[in-house]
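Enquirer: Pasting the sequence and the predicted model now:
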Amino acid sequence: MGKHKEKSHKKDRDRHGEGSSKRKRDSSPEDEYAKMEKERLRDLKERDEFAERLKQRDQDKTKKIADKTNTKSYEEAAKRLKMEALDRDSMLPKLRIESRRQYLAKRKEEKVDELEADIRDDEYLFDEGSLTKREREEREYKKRVLHLAKEHDKARELVNIQRYHIPEGKKGEEEKYVEVDEREKVPHSEQRKWEEEQMSSAQFRFGAKDAAKKRSQEDYDMILDDEIEFIQALQKPGNLKKDDIEEISETMKKKMSIEDTKKSLPIYAFRDDLIKAIKEHQVLIIEGETGSGKTTQIPQYLHEAGFTEDKKKIGCTQPRRVAAMSVAARVAQEMGVKLGNEVGYSIRFEDCTSERTMIKYMTDGTLHREFLSEPDLQSYSVMIIDEAHERTLHTDILFGLVKDIVRFRTDLKLLISSATLDAEKFSGFFDDAPIFRIPGRRFPVDIYYTKAPEADYIDACVVSVLQIHVSQPLGDILVFLTGQDEIEACQELLTERSRRLGNKIKELLILPVYANLPSEMQAKIFEPTPPGARKVILATNIAETSLTIDNIIYVIDPGFCKQNNFNSKTGMESLVVVPISKASANQRAGRAGRVAAGKCFRLYTAWAYAHELEECTVPEIQRINLGNAVLMLKALGIRDLMNFDFLDPPPHESLVLALEQLYALGALNHEGELTKLGRRMAEFPVDPMMGKMLLASEKYKCSEEILTIAAMLSVNSSLFYRPKDKAIHADTARKNFNAQGGDHLTLLNVYNEWAQSDYSTQWCFENYIQHRSMKRARDVRDQLSGLMQRVEIKMESSPSETINVRKAITAGYFYHIARLGKGGQYKTAKHNQTVTIHPNSSLFEELPRWVLYHELVVTTKEFMRQVTEIESKWLLEVAPHYYQARELEDSTNKKMPKVVGKSKSQLAGAAGML
DNA sequence: GAGCACTGC
């Protein structure tokens, strides 16, 4: 077998060698160059012809009929709107309870005063001796009641620390209270001093130790044993006061008309000024806090001010799909039009717009993609980039693109809407564009820090939850953790400890939520809390921006999150737990002030907040693989990427890596121009390697199979469901899908079997597969299938053929190759890095000599995920410019090359052969 | 023998 392999390698090598020597004999360097140049020009011509065909086809298709809103997507959106209305209705009772509570507290205060006065008067007026027995008893009773009431208050005072408001400074300077001398930053003694200073102004022992002990000492001993000391350091001021709660619930009771609601929004007062500012300036930064109504109102104001005349649209981008849909639905309702007609939205898999659409909401990624067919945004009169402070990859790239466009499209208005922190920065980027400030609407949140750092924050979370539960008024708790493990661990601990306390404490509902949790379990967090009980929601970052949960009064923030980082030197991704940024911490705190005044408990010290947390999270563009983004920019005709106007430029290595990879894949020619292949690849919303794989499937006549594999690889790895109690069953179910050849073919198996079951939910359930992921794979597959036709590729299938399928995969992923070395370890072909097959792979125990992997992820080790066995000779077939025969010799061969992989110069030289 | 935060096209 080994011999045979060696022989075939030799043949390959010879053939290859022969080919190149023949070329050398036949042509002089000049001829070679001329040929290359001719080839390049021919390719460019073909590319432009292809682009022209695309444009033509797009124009023919644009005729959309307004009727198409009678589709599933419209119903979906309508349903969502209805749900939103229900939410609002369900909020009413809560608001009522809150105002009732406040009313009662006030009433109690009055009654106590009354009682006190009563007794005083009574004692003053009547001497003890002159009273009857009944009168004496009554006076005693009154005194006892008063004493109890006062004791009760005293106990509460220890809990409700004296709040103080930070003096109203300039906006955006809430945090400036930290006035530590620069010189004092370093030593720990100064830190302690500072902490103490902060403490002297406001301190309390969380859990009201004394009071609680008086109430029922033995009950809480268990909890108080390890109580955490918190210090209140500041209040994140809201602009709603307590009385406003009553006001809102009153007005809401009246069932505000749409017009009234619009007028009640903070932005309403700024309407005319805003329109004026937009007319005067081409670019405007809108600094709007949450709840100002900017997202729904500004497009309507602009529409009313005539910005939709001349058949031009107003566009507004959102970072999330749900936001784009629900905001569009809301605006359609406010304007009294049918969603999809005058007001519409466009997101991946769903285009709910027509040619009548004047206000169009979309995700930032959709606009990014729209640039390919309309690079000058000709059909828009205004473009609003909302939530710009979130700094998604797409908004960051859009900044550079729109900044360029406004230079020559002087009629285009540009609005960048952002939270407070970044407004100045955006203004600076857009040539000192003016900033327009709109206040928001939110409740104050008291912020507490721990006195000392907490070593075990999971345990600290559990203790804090119990402390809040026994000592604080009702209201749900939201805990931010980093991932599924932590959530499960915390859930276990909390359940156990609250069970031990039994009925000494009120009911505590513990609910986890993270993205990979099945949707029906996620839905539980939205169910109303039973009376007298308290909900604790253990969430990942999903609750920071994506989900809003009502009735949260308390937030516990350990100060960490998981972040994906891409190392552009090694091409490896790693998911690591990192401290959050200040911006993130404040976003989390804000989650406590949505329905009433709230409290946020930070499990780190105030000093750590002030000195150890970064201001803002590193923008996505500096942390991820830019392959697809660079390809898009190239397709948009941006030649000089190194000098592209980024708000925050990505690391130089990231760009270089992306360009090199595109070049090796054949998407760019040696001049750095986009090739026809590259132009076709850019049409796919996938990583360039996957794009290349899809296009290569044409040659290997297996586009159907490759399409499925691409779709399955696109769903994140939450495909297999593995509940702890049924882990063995889940593992066997999984192994049943294993295919000869590796994980890519296993994924193909899974999809095909699911398709055969007629896309059954039951089938997924029986096989421990997440139905949601499969549905997504189907959506992706449908979309990619449409794009295959768009780039003129025939759909073909070769069901019994796995070699061709694997060759097509290799044609895209020849960058991702590893070989088994002598020591039984895999080394990557490119960087000679030691890597390991992931234990979940079907090849985990097989260890083939040559493998291709879909991705490399660092966790406890450098793991290859989604691995497929290949033959090294395929590499010469699919990427002869990238691999040389001698590199691919068997590692058992004595003539094993010392250097594996290539230097840049070799690569550039190899390009000549293209 | 590990264990995947969150979006988006």
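Expert: Structure received. Residues are numbered from 1 along each chain as shown, chains lettered A, B, ... in the order given.

Enquirer: Spatially nearest residue to A:K535, not counting backbone neighbours?
Expert: A:D476 (4.1 Å; C-beta to C-beta, 6 or more residues apart in numbering). Every C-beta, even on glycine, is put in place using the N, C-alpha and C of the backbone.

Enquirer: Tell me if I'm right that the one you found and A:A543 touch.
Expert: No. A:D476 is not in contact with A:A543 according to C-beta atoms under 8 Å; the separation is 11.6 Å.

Enquirer: joint contacts of the two?
Expert: Here A:D476 and A:A543 have A:537, A:549 as joint contacts, going by C-beta atoms under 8 Å, 6 or more residues apart in numbering.

Enquirer: show me what contacts A:V656?
Expert: A:S568.

Enquirer: Pretty sure it sits in a helix.
Expert: Yes. Judged by DSSP: H, G, I helix; E, B strand; the rest coil, A:V656 forms part of a helix.

Enquirer: And the pLDDT at it?
Expert: Looking at A:V656, its pLDDT is 91.

Enquirer: ok, now how distant is it from A:L662?
Expert: 11 Å (C-beta to C-beta, to the nearest Å).

Enquirer: Likewise for A:Y554?
Expert: 49 Å.

Enquirer: Any residues of the stretch 451-600 of chain A in contact with DNA strand B? List them.
Expert: Within the stretch 451-600 of chain A, the positions near DNA strand B by C-beta under 7 Å from any atom of the strand are A:482-485, A:514-516, A:540-542, A:546, A:561-564, A:575.

Enquirer: one more time with 6 Å
Expert: With the criterion set to C-beta under 6 Å from any atom of the strand, the stretch 451-600 of chain A comes near DNA strand B through A:483-484, A:514-516, A:540-542, A:546, A:562-564, A:575.

Enquirer: same deal with chain A?
Expert: Within chain A, the positions lying close to DNA strand B (C-beta under 6 Å from any atom of the strand) are A:320-322, A:347-348, A:363, A:365-366, A:369, A:483-484, A:514-516, A:540-542, A:546, A:562-564, A:575, A:685, A:714, A:716-718, A:722, A:839-840, A:859-860, A:863.

Enquirer: Got a PyMOL select line for the buried ones in these?
Expert: Of the residues of chain A next to DNA strand B, the buried ones can be selected in PyMOL as follows, counting by 16 or more other C-beta atoms under 10 Å:
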select buried, chain A and resi 320+321+347+363+365+366+369+483+484+514+516+540+541+563+685+714+840+863
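
Enquirer: among the residues of chain A next to DNA strand B, which are in strands?
Expert: Members of the residues of chain A next to DNA strand B lying in strands (criterion: DSSP state E): A:347, A:363, A:562-564, A:575, A:863.

Enquirer: Which of the residues you listed scores worst on pLDDT?
Expert: Comparing these by pLDDT, A:L575 comes last, at 83.

Enquirer: Just list whatever residues bridge to that one.
Expert: A:N564 (DSSP bridges).

Enquirer: That one against A:E855, yeah?
Expert: No. Taking C-beta under 8 Å as the definition, A:L575 is not a contact partner of A:E855, at 11.7 Å.

Enquirer: Quick one: mean pLDDT over stretch A:422-431.
Expert: Averaged over stretch A:422-431, pLDDT sits at 90.

Enquirer: what about A:Q491, distance to DNA strand B?
Expert: Distance, A:Q491 to DNA strand B, using C-beta to the nearest atom of the strand, to the nearest Å: 14 Å.

Enquirer: and whichever strand or helix holds that residue, what other elements does it pack with?
Expert: If you go by DSSP states H and E, A:Q491 is part of helix A:484-501. In terms of contacts (3 or more C-beta pairs under 8 Å, 6 or more residues apart in numbering; DSSP states H and E), helix A:484-501 is packed against helix A:209-224, helix A:457-471, strand A:508-513, strand A:534-539.

Enquirer: show me what contacts A:E753?
Expert: A:737, A:763, A:767.

Enquirer: that older thread, can you tell me which residues contact the residue nearest to A:K535?
Expert: A:529, A:534-537, A:549, A:551-554.

Enquirer: Same question for A:T495.
Expert: A:T495 neighbours (C-beta under 8 Å, 6+ apart): A:I510.

Enquirer: Am I right that A:F230 is in contact with A:A452?
Expert: No. Counting by C-beta under 8 Å, A:F230 stays clear of A:A452, with 10.6 Å between them.

Enquirer: neighbour-wise, which of those two wins?
Expert: A:F230 (23 against 12; other C-beta atoms under 10 Å).

Enquirer: What residues are bridge-paired with that one?
Expert: Going by DSSP bridges, A:F230 forms beta bridges with A:F204, A:T450.

Enquirer: Just give the number of residues close to A:V835.
Expert: 22.

Enquirer: same deal with A:Q491?
Expert: 17.

Enquirer: So it versus A:Y514, what's the distance?
Expert: Look at A:Q491 and A:Y514: by C-beta to C-beta, they are 11 Å apart.

Enquirer: and A:L509, what does it touch?
Expert: Going by C-beta under 8 Å, 6+ apart, the list of residues near A:L509 reads A:529-530, A:533-536.

Enquirer: Skipping adjacent residues, who's closest to A:L372 in space?
Expert: A:A635 (6.1 Å).

Enquirer: Would you mind measuring from the one you found to A:I624?
Expert: From A:A635 to A:I624 the distance is 19 Å (C-beta to C-beta).

Enquirer: who's more crowded, the two?
Expert: The residue with more neighbours, out of A:A635 and A:I624, is A:A635; 21 against 18, by other C-beta under 10 Å.

Enquirer: is it true that the more buried one touches A:A682?
Expert: Yes. With contact defined as C-beta under 8 Å, A:A635 reaches A:A682; the gap is 3.7 Å.
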